[in-house]
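> Build the 3D model from these lines:
(chains A and B)
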There are 2 protein chains.
Amino acid sequence: MLYLIGLGLSYKSDITVRGLEIVKKCSRVYLEHYTSILMAASKEELEEFYGNKVILADRELVESGAEEILKNSETEDVAFLVVGDPFGATTHTDLVLRAKQSNIPVEIVHNASVMNAVGACGLQLYNFGQTISMVFFTDNWRPDSWYGKIMENRRIGLHTLVLLDIKVKEQSIENMARGRLIYEPPRYMSISQCCEQLLEIEESRGTKAYTPDTPVVAISRLGSAGQSFKSGTIQELSEYDAGEPLHSLVILGRQCHELELEYLLEFCDNKEKFRNDILQDQEYFKPAPWVPPTEEEDED
Amino acid sequence: MLYLIGLGLSYKSDITVRGLEIVKKCSRVYLEHYTSILMAASKEELEEFYGNKVILADRELVESGAEEILKNSETEDVAFLVVGDPFGATTHTDLVLRAKQSNIPVEIVHNASVMNAVGACGLQLYNFGQTISMVFFTDNWRPDSWYGKIMENRRIGLHTLVLLDIKVKEQSIENMARGRLIYEPPRYMSISQCCEQLLEIEESRGTKAYTPDTPVVAISRLGSAGQSFKSGTIQELSEYDAGEPLHSLVILGRQCHELELEYLLEFCDNKEKFRNDILQDQEYFKPAPWVPPTEEEDED
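Residues are numbered from 1 along each chain as shown, chains lettered A, B, ... in the order given. Here you go, the predicted structure:
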């Protein structure tokens, strides 16, 4: 049996009781280790907690070593651990499909992921549109296809969850070219860098999917002891030091109710200004006021 | 301290290890018991598992008895258990705000909810738009404000998660009028009823937010041993018997990639037909093909 087990957001004890029971009995335990990290636990701490050896699975192993992971799992129990939920931001549908093709039974143990725990900032999950990913810009690679998605979400009043890039076990171009297995230190995008990249693309596109005064919420270390929220405008948060990773950002849509606003006000520097920023921003993409149909239109 | 603790989707052991440690030490434990149910565990089983008494909290207690729940929680530990995640489909922001106003510290223990575990059907969470709720229609109450939301989602190619109504501890109008505390048996909306209500409203509105041939995925008993998925058109699933509750439905948007499709094909009766249904449905709301700008436009 192949088990895909979500680890939740932060602590080693964020695994579910059922998940832990399974991990303890598995003959091999892989930990997916390139799209997210467990903030408050090292590999060694996990091994002690599970009473089992943990194999770190990097991108290469997961994307081209599926056979190794699935080996003997017709008869043995193999666990593949994923920070968050196995079908959260990064899905492992390919691994599941591979298993199914080999007639290996698969069981999923779900857990919290940023995709639902983001509700902790006070915004209703109901009113989120499509999620986007913000990658580190380089000198010659500044992808901005997410811009249109923010526009689409905001046109219908929805919030946008922005997932911030992380780089774990990446090689420099030089080391890659020379075939040297030397890895760069891990990098995690900060809230300020994400906001700067948002501002840069709005500046160059100029079609007002959002403005520097659009309200956003920074979500830092979600689900950990050091969890924090900060609300402000994109401009304001482009100068905000959010501290240690991991971070996510929510760009607000027009649909923000009084109870949600009350919650967000707890996290800003200047309540009166932020309330005003929200009201101003809600003017964008506001539907035209309803006008009763004329007699002619009525007959249509 | 007030703890809001997610229980996950189904088993008593879907609680996280951290959540269980907290529940064990609390002096009072409430279980929110009107917006969802834990499919595979009774109150008594939970009490045995927690080694603690569980108080069922109905809508009345949560909405007007916040003081009772929060009583002494400045000095004692009180747990408020929620099926799924505390900030999932039904949020308890009001309870948290009440606690904050009374300077009671609050801690959240997140867990899986349908809002993220729905990814188990194979569709990318990235491509979901706003979530809607489908309530039981009555003779004179057939709310359809969700129709516009499906339209908005599908216009930009996004999937729509439909949460199906449940009625737990509801009184009949007669019993309510007579002040008799007699409750109706619990009711859970079926996939077929949801699809029938979808068809009825499309029939009366006629603006093609979707059609009877639009592909959908039925998600039944998500996260439990009896979990099942069924893909087909709305028309087909209006005659589908999905079995025991709980159920949810996903209405597909245009953005369905080959890998997602491969996954969904596992769950349908006729693969060739379903693949064709998806291709046909993707013609709706398809963006106009890109045309190179004329010289004149280029000069703008």
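
> mind listing the helices for the stretch 101-250 of chain A?
Assigned by DSSP state H, counting those that start in this stretch, the helices in the stretch 101-250 of chain A fall at A:114-117, A:146-155, A:173-177, A:191-205, A:234-237.

> Adding distance to chain B and mean pLDDT, write those out as TSV.
(Glycine included, C-beta is placed from N, CA and C.) What follows is the helices of the stretch 101-250 of chain A, written out as TSV (distance: least, Cβ to the nearest Cβ, whole Å; pLDDT from 0 to 100):
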stretch	distance to chain B	mean pLDDT
helix A:114-117	4	94
helix A:146-155	4	97
helix A:173-177	27	85
helix A:191-205	15	98
helix A:234-237	22	98
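
> ok, and which of these has the densest surroundings?
Highest mean neighbour count among the helices of the stretch 101-250 of chain A (mean count of other Cβ atoms under 10 Å in any protein chain shown): helix A:114-117, with a mean of 29.

> now that helix: how far from the chain's centre is it?
Using Cα atoms, centre = their mean, to the nearest Å, the mean C-alpha position of helix A:114-117 is found 8 Å from that of the whole chain.

> got it, and stretch A:133-151?
So, by Cα atoms, centre = their mean, the centroid of stretch A:133-151 is 15 Å from its chain's centroid.

> pLDDT weak spots in the stretch 51-200 of chain A?
Within the stretch 51-200 of chain A, the ranges that satisfy pLDDT under 70 run A:89-91.

> What residues does it have near chain B?
Applying Cβ under 8 Å from any Cβ of the partner chain, we find that the stretch 51-200 of chain A lies next to chain B at A:85-89, A:91, A:93-94, A:96-97, A:100, A:108, A:110-113, A:115-117, A:119-120, A:122, A:124-132, A:152, A:156, A:158.

> who touches A:Leu259 in this structure?
Residues in contact with A:Leu259 (Cβ atoms under 8 Å, 6 or more residues apart in numbering or on different chains) are A:122, B:93-94, B:97.

> so how far is A:Lys208 from A:Pro293?
Counting by Cβ to Cβ, to the nearest Å, the gap from A:Pro293 to A:Lys208 is 30 Å.

> what two of the contacts of A:Leu259 are the furthest from one another?
A:Gly122 and B:Asp94 (10.9 Å; Cβ to Cβ).

> So between these two, which is more surrounded?
Between A:Gly122 and B:Asp94, counted using other Cβ atoms under 10 Å in any protein chain shown, A:Gly122 has the larger neighbour count: 24 against 14.

> Any figure for the gap between the residue of the stretch 101-250 of chain A found nearest chain B and A:Ile132?
Nearest residue of the stretch 101-250 of chain A to chain B: A:Gly119, at 2.9 Å (Cβ to the nearest Cβ). Here the criterion is Cβ to Cβ. By it, A:Gly119 lies 18 Å from A:Ile132.

> Counting neighbours, go ahead and name the busier of the two.
A:Gly119 (24 against 19).

> contacting residues for that one?
So A:Gly119 contacts A:125, B:85-88, B:91, B:115 (Cβ under 8 Å, 6+ apart).

> Check those against A:Ala66 and report the nearest one.
B:Met115 (28.5 Å).

> Please tell me I have it right and that closest one contacts A:Val114.
No. Applying Cβ atoms under 8 Å as the test, B:Met115 and A:Val114 come out as separate, 11.5 Å apart.

> Tell me which residues touch A:Leu249, please.
A:Leu249 touches A:134, A:161-162, A:164, A:191, A:194-195, A:216-219, A:237, counting by Cβ under 8 Å, 6+ apart.

> Excluding chain neighbours, give the residue nearest to A:Ser172 in space.
A:Glu184 (5.9 Å; Cβ to Cβ, 6 or more residues apart in numbering or on different chains).

> cool, A:Leu198 as well?
A:Ile234 (5.5 Å).
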